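>>> no FASTA, just this:
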């Protein structure tokens, strides 16, 4: 997985949150694990990925930019608001096999980077569906947009988008077993704003 933005210059991606902001950002993870995933109405999913250094399961709640089903296989497209330095993104580059929790359902997936041009088109489609969120996210990431399709396209071309597609088991069976164990016990396991976990 290698993301090469169409433009090399532009606003700096925000640093991952710390302190109380980190706690707030991680609230959706705890809600998923408490069995409250359906409350997000498929706008968020829980990504269980493998730490590139520790080899242990890590969790990040991420907003779904777009979802689809092709040939019976579901896919979820997500973006890294913190850019290519986000830990979940770097972990997927090392080990693209992962597990996602959508509501209360678990899916084994494989991650693949999308070309910058496709990222631009995704952002163009996303903005009209969620105009206020799109503007806030762009401002948070340091981009100024005028509301035009071209403005959002430029933003989409400069941030990493990842497609998570069903069809592969995670390399570490413990990740999936951990998710299933939580589901069996009654607890279930944004633009990527997960706290740093390696």
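Right, received. Where do you want to start? The model shown is predicted, which means the values in this text are computed figures rather than measured ones.

>>> And the one helix or strand residue 137 maps to, what's buried?
Using DSSP states H and E, residue 137 sits in helix 131-140. For helix 131-140, burial by neighbour count (16 or more other C-beta atoms under 10 Å) applies to 134-135, 137-138. Any C-beta I mention is one placed from the backbone N, CA and C, and that applies to glycine too.

>>> farthest-separated two in these?
When C-beta to C-beta is used, the two most widely separated members of the buried residues of helix 131-140 are 135 and 137, lying 7.4 Å apart.

>>> just checking, what packs against the lengthiest strand in the chain?
Longest strand of the chain, by residue count under DSSP state E: strand 105-113. Helices and strands touching strand 105-113, by 3 or more C-beta pairs under 8 Å, 6 or more residues apart in numbering; DSSP states H and E, are strand 73-79, strand 97-102, strand 161-166, helix 173-184.

>>> Just the pLDDT for the residue nearest to residue 167 when sequence neighbours are not counted.
In space, and not counting its chain neighbours, residue 167 is closest to residue 73: 5.6 Å by C-beta to C-beta, 6 or more residues apart in numbering. What the model reports as pLDDT for residue 73 is 93.

>>> Could you do residue 19 as well?
At residue 19 the predicted local distance difference test score is 71.

>>> try residue 138
For residue 138, the pLDDT comes out at 90.

>>> Hmm, it is touching residue 145, no?
Yes. In this structure, residue 138 is within contact of residue 145 by C-beta atoms under 8 Å, at 4.8 Å.

>>> Against which helices or strands is the helix ranked longest in the chain packed?
Counting by DSSP state H, the longest helix found in the chain is helix 116-129. Contacts defined by 3+ C-beta pairs under 8 Å, 6+ apart place helix 116-129 against strand 66-70, strand 73-79, helix 131-140, helix 149-157, strand 161-166.

>>> now the angle between strand 73-79 and the first one, please.
With axes from the mean of the first three to the mean of the last three C-alpha atoms, to 10 degrees as the basis, strand 66-70 and strand 73-79 are set at 160 degrees to each other.

>>> Could you do the fourth one as well?
Per the same axes, to 10 degrees, the angle that helix 149-157 makes with strand 73-79 is 100 degrees.
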